[in-house]
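1. Attaching a predicted model along with its sequence, questions to come.
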Amino acid sequence: MPIKIHNTLSNKKEIFTPQRENKVSMYVCGVTPYDEVHLGHARAYVVFDIVKRHLLKRGYDVNHIQNFTDVDDKIIKRANEKNIPSAQLAQTYIDDYFAQMDKLNILKAKKYPRVTEMIPEIISFIQQLIDKGFAYETNGDVYYSVDKFKEYGKLSKRNTEDLKAGARVGVCDEKHCAFDFALWKKSKSGEPADVSWDSPWGKGRPGWHIECSVMSSKILGDTIDIHGGGQDLIFPHHENEIAQSEAKTGKPFVKYWIHNGFVTINKEKMSKSLNNFFTLKSIFYKYNPRVVRYYLLTQHYSSPLDFSDSGLESAKSALQGLDDAYLRLSSVAKIPAAEVTDEDLIAIKNAFLDSLDDDFNSEKALSYLHELKNMILNEIFKSPETRLTQLKKLFEEFCEESLGISLPKNDSSDEDLQNLLNERNAVRIAKNWPEADRLRKAIDEKGYKIVDNPDGTSVLTKKI
RNA sequence: GGUGCGGUACCCAAGUGGUAAGGGAGCAGUCUGCAAAACUGUUAUUCGCCGGUUCAAUUCCGGCCCGCACCUCCA
């Protein structure tokens, strides 16, 4: 079964065929590091992590690039307020990005290019657009002339007439057309020198949209297989990227556009102006990152995902059930991992992977994971160990390879814990119930719970 | 005004032209020293509303109602 991807450009589900066999070039728009990463970032990068993991699972070599927009109005403003260089502010939040994404178990991109490392390439790109007549310089600023690019609007399904009807874009005297966007912005008086570069048009800095066109073509070539980002980037950011790149090269910029839906709060978009904003740091204070990751997978990537405590609690319970089943299985399936050869397991594995082939349907994949969990619980004291080992291997493949959900390890190395458990089992045999209950409570207070098996043994599972 | 997405049980949610996956929660029971976990049963004759096509529609078509997003920086 081939991989199918819903392509924003065609607005259809298409069979995925990359330009080169077994190789995929993938560019995902990164963050502007002017503040701590939030839940919306988590959603986007978990979504593209699932895309990447599945492509890897299907044997593709994925060249994944993600940028940092480390020059930007907001960065300059914040840095100015804190009286530190922009680069320092950006680095602080880039560090935060990696710290939080690591907790979410996001695979690293091959490269994380930054705007400040690409200034010569950006200037050269803009100059070519001017030379080809797609851009013009006005008083130190350079603008892209939207009217010159006939296919403008093909991604966001708008035409300039529709845009004019929206009439929320102010008319600017410097621009020929109200929808023209900046490629190069002249330095304003009072702006620090560290965010100003020499150019043929005077001192200035790049506009927001040009960087992605430049970085992707420099690292991945003129046409890339997959370009991803949040739905809010479709217009104008990605529309503008197409205009820039295709005007320059005359070739298609991107084969497959993938856009993730938003995280909402009470059905409304999470935003600072609505004051319904959650940074990952604050969420991880309350919820384990594994729970957050699981929760983000419980809805198809293109739909909005409503964030709520009840939703997180539900995810937590579901994940606890998976953990418990896995740890109990681990305590009995101890021989080295076997290849999965049983026919029913191959069938469920195929069903699981097929659902990810179908536009990365993570929720459907999770349903097969739960089906597998139920098989494990049914068989745990009935099936031979060779069978249990296969179940364990498959469970690990689903969770750790495809879904990026790390699994708990048996904590038999904790001597205190083991002693408490052994003591409890001893007093249970002696029918000393008050003491057994006291020990159970002591274990509970250490963050573990006891699962008493029907055969008299007990397994400790860590509470999430 | 333009554009796009969606409305499935108590909650979240997948899905298909042939009669509703999964998760959470609840209830009853089994098991248990008591619990927990697990197991069994149970909670949508029905998929926003109204028409149409069809032997058959939640799934296709048309209309309507409602919600959300984008058109300004935003994952």
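-> Okay, I see it.

2. Please list the residues of the stretch 251-400 of chain A that sit near RNA strand B.
-> A:260-264, A:267-271, A:298-300, A:302-306, A:310-311, A:313-315, A:317-318, A:321, A:324-325, A:328, A:358, A:361, A:363-364, A:366-367, A:370-371, A:374, A:377-378 (CB under 7 Å from any atom of the strand). Any C-beta I mention is one placed from the backbone N, CA and C, and that applies to glycine too.

3. which of these are buried?
-> The neighbour-count criterion (16 or more other CB atoms under 10 Å) marks A:260-264, A:270, A:299-300, A:304-305, A:315, A:318, A:324-325, A:328, A:358, A:361, A:366 among these as buried.

4. Which of these fall within strands?
-> The strands, defined by DSSP state E, take in A:260, A:263-264, A:305 from these.

5. circling back: mind checking which of the residues of the stretch 251-400 of chain A next to RNA strand B land in helices?
-> A:310-311, A:313-315, A:317-318, A:321, A:324-325, A:328, A:363-364, A:366-367, A:370-371, A:374, A:377-378 (DSSP state H).

6. From what I see, A:Lys132 and A:Glu246 are in contact.
-> No: using CB atoms under 8 Å, A:Lys132 is not in contact with A:Glu246; the gap is 11.1 Å.

7. which of those two has more neighbours?
-> A:Glu246 (21 against 12; other CB atoms under 10 Å).

8. which other residues reach whichever helix or strand the more buried one is part of?
-> Element membership for A:Glu246, per DSSP states H and E: helix A:239-249. Outside helix A:239-249, the residues that touch it by CB atoms under 8 Å, 6 or more residues apart in numbering are A:125, A:128-129, A:132, A:134, A:144, A:146, A:148-149, A:151-156, A:158, A:181, A:183, A:209-210, A:212-213, A:216-217, A:222-223, A:227, A:252-254.

9. With stretch A:358-365 instead?
-> A:1, A:4-6, A:13, A:47, A:50-51, A:54, A:297-302, A:352, A:355-356, A:398, A:402-403.

10. so where's chain A uncertain?
-> Applying pLDDT under 70 to chain A picks out residues A:162-174, A:411-412.

11. one more time with 50, if that's ok
-> For chain A, applying pLDDT under 50 flags the ranges A:166-171.

12. what helix or strand is A:Cys177 on?
-> Using DSSP H and E, no helix or strand contains A:Cys177.

13. for it, what are its contacts?
-> Contacts of A:Cys177 (CB under 8 Å, 6+ apart): A:145-147, A:160.

14. mind listing what's buried in stretch A:215-222?
-> A:215-217, A:219-220.

15. I'd like to know the phi and psi angles of the residue lying closest to A:Val254 once chain neighbours are set aside, please.
-> Leaving aside its chain neighbours, A:Val254 sits nearest to A:His227 (4.2 Å; criterion: CB to CB, 6 or more residues apart in numbering). Dihedral pair for A:His227: phi -130, psi 130, per degrees, to the nearest 10.

16. Kindly provide the distance from A:His227 to A:Gln66.
-> 11 Å (CB to CB, to the nearest Å).

17. more crowded one of the two?
-> A:His227 (27 against 23).

18. Any idea what that one is bridged to?
-> Per DSSP bridges, the residues bridged to A:His227 are A:Tyr27, A:Trp257.

19. re the thing from before, near RNA strand B at all, the helix holding A:Glu246?
-> No: if you take CB under 7 Å from any atom of the strand as the test, helix A:239-249 misses RNA strand B, and the best it gets is 9.0 Å.

20. can you give me phi and psi for the one residue in the stretch 201-350 of chain A that gets nearest to RNA strand B?
-> Closest approach between the stretch 201-350 of chain A and RNA strand B, counting by CB to the nearest atom of the strand: A:Gly230, at 2.1 Å. Main-chain torsions, A:Gly230, degrees, to the nearest 10: phi -70, psi 160.

21. any idea how far the nearest residue to A:Lys251 once chain neighbours are set aside is from A:Glu161?
-> Nearest residue to A:Lys251 in three dimensions, chain neighbours excluded: A:Asp222, at 4.9 Å (CB to CB, 6+ apart). Between A:Asp222 and A:Glu161 the distance, using CB to CB, works out to 30 Å.

22. can you check A:Ala42 too?
-> In terms of CB to CB, A:Ala42 sits 37 Å off from A:Glu161.

23. Wait, A:Ser355 touches A:Tyr368, no?
-> Yes: when contacts are counted by CB under 8 Å, A:Ser355 is listed as touching A:Tyr368 (6.7 Å).
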